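[1] With the sequence up front, the predicted model follows.
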Amino acid sequence: MRENTIKKILMILSMIIIPFVILVPVLWMIILSFTGEPYFLSDISSIDLTLEGYKYVFFNETLGYWGYLKNSLIVATFISIVVPIISSFAGYSISRLNFPGKKILPLVILAISMFPPISIVGSIFEAFANLGILNTHIALILPGIAWALPFGLWVNISYFSQIPIDLDKVALVDGTSRIKILFKIILPLAAPGIFATALLVFIGSFNELLFAILLTSTRAAQTIPVGISTFQGSYGEIIWGPLMAASTLTTLPLIIVTLYFQKYIIGGLTRGSVKG
């Protein structure tokens, strides 16, 4: 009985502390975007709310916020389309077909993906420099796809594995080709998992900083995380109001989308982990 009580107390504390730790930085960011004063907590009575930070972001062309945002949307959208397509075909093949190395291939892919990006970004930089594609969208899309594919592959393998293989056998007996089985039977049933993969890949690609900051040096391809990290005033000072306003404008839509689609994300990621 005492053990159960302790578990309940720890559970309640976790439910209080974890949201607090997560929400406080977000609330601080939002409030600061309306004040522009990083030390507003030292004298709350003197808080003067203003929209100057948002005006600066919206109308100051030298800041380049909209260009950075456009680049992020292009890169993240392309990656979130390509990765689910490739991982769906690969996941179907591994979960349904028999071929040499079927069991070891996902493990090899997972092992390769565990290498930290910083360990290979130098080689990627040199290769892209030789190809002449630095400072382009393709320089961010290619490594983004490569890094997101293992995640998409494992999600789809686990999801496809829970779809009864008898459906394939019945369709094959009726003379249906593998391609038709995939598009007319398997993919519709696996749509929640594919959607969850696409959404999480989009969010991850949208927020990616390492490749973006090392493989781009001009605004032609720099994404919003890089752009926000370079926000400065006329004399090199940190412009807290616009910086936090831009961060709020970038972060809140992602939070809203994630909250709205959370049931699809959770369902898509957990169904593949449950037998039956």
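    Alright, I've got the coordinates.

[2] Pass me the low-pLDDT residue ranges in the stretch 1-150 of the chain, would you?
    Along the stretch 1-150 of the chain, the parts satisfying pLDDT under 70 run over 1, 40-46.

[3] how does it look with 90?
    Along the stretch 1-150 of the chain, the model assigns pLDDT under 90 to residues 1-53, 56-64, 89-122.

[4] tell me which strands and helices the longest helix that the chain contains is in contact with?
    Assignment by DSSP state H gives helix 2-35 as the longest helix of the chain. Counting contacts by 3 or more Cβ pairs under 8 Å, 6 or more residues apart in numbering; DSSP states H and E, helix 2-35 is packed against helix 52-59, helix 240-260. For the C-beta atoms, the positions are set from N, CA and C on the backbone; glycine is no exception.

[5] Okay, helices next: where are they in the stretch 51-200 of the chain?
    52-59, 65-96, 104-113, 121-131, 137-161, 166-173, 178-181, 187-189, 191-207 (DSSP state H, counting those that start in this stretch).

[6] Can you give me the buried ones in the second one?
    By that I understand helix 65-96. 65, 67-69, 71-72, 75-76, 78-80, 82-84, 86-88, 90-96 (16 or more other Cβ atoms under 10 Å).

[7] before we move on, the earlier item: list the buried residues of the longest helix of the chain.
    In terms of neighbour count (16+ other Cβ under 10 Å), helix 2-35 has its buried residues at 29, 31-35.

[8] Pick out whichever of these sits closest to residue 195.
    Of all the buried residues of helix 2-35, residue 195 sits closest to residue 29, with 28.6 Å by Cβ to Cβ.

[9] That closest one and residue 248 touch, don't they?
    Yes: contact criterion Cβ atoms under 8 Å: residue 29 and residue 248 qualify, at 5.9 Å.

[10] re the thing from before, put together TSV for the buried residues of helix 2-35, with distance to residue 120 on each row.
    Below are these laid out as TSV (distance: Cβ to Cβ, whole Å):
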residue	distance to residue 120
29	32
31	40
32	36
33	36
34	41
35	42
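
[11] now residue 222, nearest residue through space, not along the chain?
    Spatial nearest neighbour of residue 222, chain neighbours left out: residue 216 (4.7 Å); criterion: Cβ to Cβ, 6 or more residues apart in numbering.

[12] Now for the one you found: which residues touch it?
    134-135, 139-140, 222-223, 226 (Cβ atoms under 8 Å, 6 or more residues apart in numbering).

[13] rewinding a little: would you mind saying which of the helices of the stretch 51-200 of the chain lies nearest residue 20?
    It is, among those and with distance given as Cβ to Cβ, helix 191-207, at 22.4 Å.

[14] And the next helix or strand past the closest one?
    Sequence-wise, the next helix or strand downstream of helix 191-207 (DSSP states H and E) is helix 210-215.

[15] If you count contacts, what does that following helix end up packed against?
    Looks like helix 210-215 contacts helix 121-131, helix 137-161, helix 224-229 (3+ Cβ pairs under 8 Å, 6+ apart).

[16] List the buried residues in it.
    Buried residues in helix 210-215 (16+ other Cβ under 10 Å): 211-215.

[17] Please tabulate those residues in JSON lines, including the columns pLDDT and distance to residue 163.
    Below are these laid out as JSON lines (pLDDT from 0 to 100; distance: Cβ to Cβ, whole Å):
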{"residue": "211", "pLDDT": "92", "distance to residue 163": "34"}
{"residue": "212", "pLDDT": "92", "distance to residue 163": "37"}
{"residue": "213", "pLDDT": "91", "distance to residue 163": "41"}
{"residue": "214", "pLDDT": "91", "distance to residue 163": "40"}
{"residue": "215", "pLDDT": "93", "distance to residue 163": "38"}
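
[18] Can you lay out those residues as TSV showing distance to residue 188?
    Listed next are those as TSV, based on distance: Cβ to Cβ, whole Å:
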residue	distance to residue 188
211	34
212	35
213	40
214	40
215	37
